[in-house]
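> Here is my input, please return the structure:
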Amino acid sequence: MTTHGHARQPVSLDHGPARDWRVVLLTITAGAVNAVSFIALGKVFSSVITGNMVLLGVAATTGNSAAAIHGGVALAGYSAGVLVGAPIAARGGEEHGGTWPASVTATLTAEAVVLAAFCAGWEAAQGHPRGGAQAALLVVLAAAMGMQSSAVRRLGQMSSTYLTSTLTGVLAGLATRKVPEGLARSLGSLIVIVAGAVAGGFLATTSAYPWLPVVILLPPCLVIAGALSAHRRAARTAR
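As a prediction, the model looks like this:
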């Protein structure tokens with residue numbers, strides 16, 4: 001119900017700390033998939049696309065066609081993911097934002113579907129994709145990271161897929177003795193992206209490869225579940 005003469009104020013969907021731990025959780029997946037794409041999908045990254053662009057330049061000077069193909073596939077997949085994910089994440093406008101808009105949850109749900117497709121392909125290839133299967137899995141994984149990047153970008157100046165600016169902010173804060181905004185989130189992300197990479201790298205190189213989908217899918221699924229619960233609470237409060 002709206003009070004006569006007054007527009008209803010938007011209900012905040014969540015608080016900053018809940019938002020931050022979700023971003024940290026998503027970073028686990030990013031660490032794992034980047035490790036997998038580098039180890040098993042052509043020695044390129046699925047979300048550190050600027051690094052892949054450098055590799056494309058190196059490939060052009062060294063004549064390494066395989067590196068050029070893999071770098072181009074990752075770039076194309078990531079770009080497709082952003083082009084699909086950004087319009088979904090932008091839906092609703094600022095007035096329905098809160099700290100975790102429903103459009104972010106929708107984008108991450110779409111990403112989870114894409115990640116599930118990757119996991120199905122990974123299991124079908126028994127953890128050792130080759131040729132066309134390798135390229136297909138790389139483009140799917142990069143697309144998922146593009147979607148995740150679009151979702152988190154909707155939340156503000158933060159990232160769960162490429163952390164150079166995050167590291168820069170932490171180090172700059174130390175150098176200037178100023179506590180950067182979101183310090184706990186930044187430190188958490190920097191720690192867990194390494195942990196995710198360790199887990200992903202281990203599973204991609206051992207007989208435990210069938211467990212890789214757990215590391216990749218569990219974090220976004222937990223984030224989606226938490227966000228949906230928050231949306232339901234907000235809806236009850238609005239009523």
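
> lowest average confidence, helix or strand, in this structure?
helix 49-62 (a mean of 87; mean pLDDT, DSSP states H and E).

> show me what contacts the residue most central in space within the chain?
When C-alpha atoms, centre = their mean is applied to the chain, the residue found nearest the centroid is Q148 (3.6 Å). By C-beta atoms under 8 Å, 6 or more residues apart in numbering, Q148 lies in contact with L26, T29, A30, S47, G81, G85, T107, L108, E111, S160, T161, P220. Quick note: C-beta positions are derived from backbone N, CA and C, even for glycine.

> Of these, which is the nearest to L55?
L55 lies nearest to S47 out of the contacts of Q148, by C-beta to C-beta, at 14.0 Å.

> Count residues in the vicinity of G169, would you?
Here the number of neighbours of G169 (other C-beta atoms under 10 Å) works out to 18.

> could you give the mean pLDDT of the biggest helix by length in the chain?
Longest helix in the chain, counting residues (DSSP state H): helix 212-238. For helix 212-238, mean pLDDT rounds to 90.

> same question, stretch 115-126
On average, stretch 115-126 scores 97.

> For P180, what is the enclosing helix or strand?
Using DSSP states H and E, P180 sits in no helix or strand.

> Give me the phi and psi angles of it.
phi -70, psi 150 (degrees, to the nearest 10).

> quick one: buried residues of the helix or strand where F38 lies?
Using DSSP H and E, F38 sits in helix 16-40. Neighbour-count burial for helix 16-40 flags 19-38, 40 (criterion: 16 or more other C-beta atoms under 10 Å).

> and what of stretch 122-131?
W122, A125, G127, P129.

> got the phi/psi numbers for Y162?
phi -140, psi 120.

> can you list the contacts of Q148 in a markdown table and add distance to I193?
Formatted as a markdown table, these follow (distance: C-beta to C-beta, whole Å):
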| residue | distance to I193 |
| --- | --- |
| L26 | 10 |
| T29 | 10 |
| A30 | 6 |
| S47 | 10 |
| G81 | 18 |
| G85 | 20 |
| T107 | 20 |
| L108 | 17 |
| E111 | 17 |
| S160 | 8 |
| T161 | 9 |
| P220 | 15 |
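
> From those, list just the buried residues.
Using 16+ other C-beta under 10 Å, the buried members of the contacts of Q148 are L26, T29, A30, S47, G81, G85, T107, L108, E111, S160, T161, P220.

> Tell me where the chain is predicted with low confidence.
Under the criterion pLDDT under 70, the flagged ranges of the chain are 1-15, 93-98.
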